[in-house]
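S.K.: Output the structure for:
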Amino acid sequence: MDVILVPLLHLIIKAIDLYMIVVIAAVIMSWLVSFGMVNTSNRIVYAIGDFIYRITEPAFRQLRNILPNLGGIDIAPIALMLILWAIQEVLARLILRIV
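M.R.: Okay, the predicted model is just below:
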């Protein structure tokens, strides 16, 4: 059983790593757009921003419903990163227990 389970858990951890990079990219992209450093009328920039938005917004929306409103400060990405980090730690400890 551990022959299948351990690589699967490693794959899930790597997928979470990749999603965390996308979350960081979403934060950076939102800063660049809000400060006017990136022009969203460019098709490539718009496509990248739209992809990042569609990937991250469902998780952010769920967290924004739970978290208190702090005005102009959005702490949903920070909360999401902490939750993803906690899930990774649980999976890593599960791998150590299996092996």
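S.K.: Could you look up the SS state of residue 81?
M.R.: Under the three-state scheme (DSSP: H, G, I helix; E, B strand; the rest coil), the conformation of residue 81 reads as helix.
S.K.: Equivalent analysis for the one 4 residues further on, please.
M.R.: What three-state DSSP gives for residue 85 is helix.
S.K.: per-residue pLDDT, it?
M.R.: You'll see residue 85 listed with a pLDDT of 98.
S.K.: Distance of it relative to residue 92?
M.R.: Summarising the geometry, the distance separating residue 85 from residue 92, computed by CB to CB, to the nearest Å, is 10 Å. Quick note: C-beta positions are derived from backbone N, CA and C, even for glycine.
S.K.: before we move on, what about residue 66?
M.R.: Counting by CB to CB, the gap from residue 66 to residue 92 is 26 Å.
S.K.: which stretches of the protein form helices?
M.R.: Along the chain, the stretches classed as helices by DSSP state H are 2-34, 43-66, 76-98.
S.K.: list the buried ones in the first one?
M.R.: Meaning helix 2-34. 9, 13, 16, 19-20, 23, 25-27, 29-30 (16 or more other CB atoms under 10 Å).
S.K.: what's the answer for the shortest one, then?
M.R.: By neighbour count on 16+ other CB under 10 Å, the buried set for helix 76-98 is 76-77, 79-80, 84, 88, 91, 95.
S.K.: if we can go back for a sec, with the buried residues of helix 2-34 in mind, which one is nearest to residue 54?
M.R.: residue 26 (10.2 Å; CB to CB).
S.K.: where does the protein have low pLDDT?
M.R.: Regions of the chain meeting the criterion pLDDT under 70 are absent.
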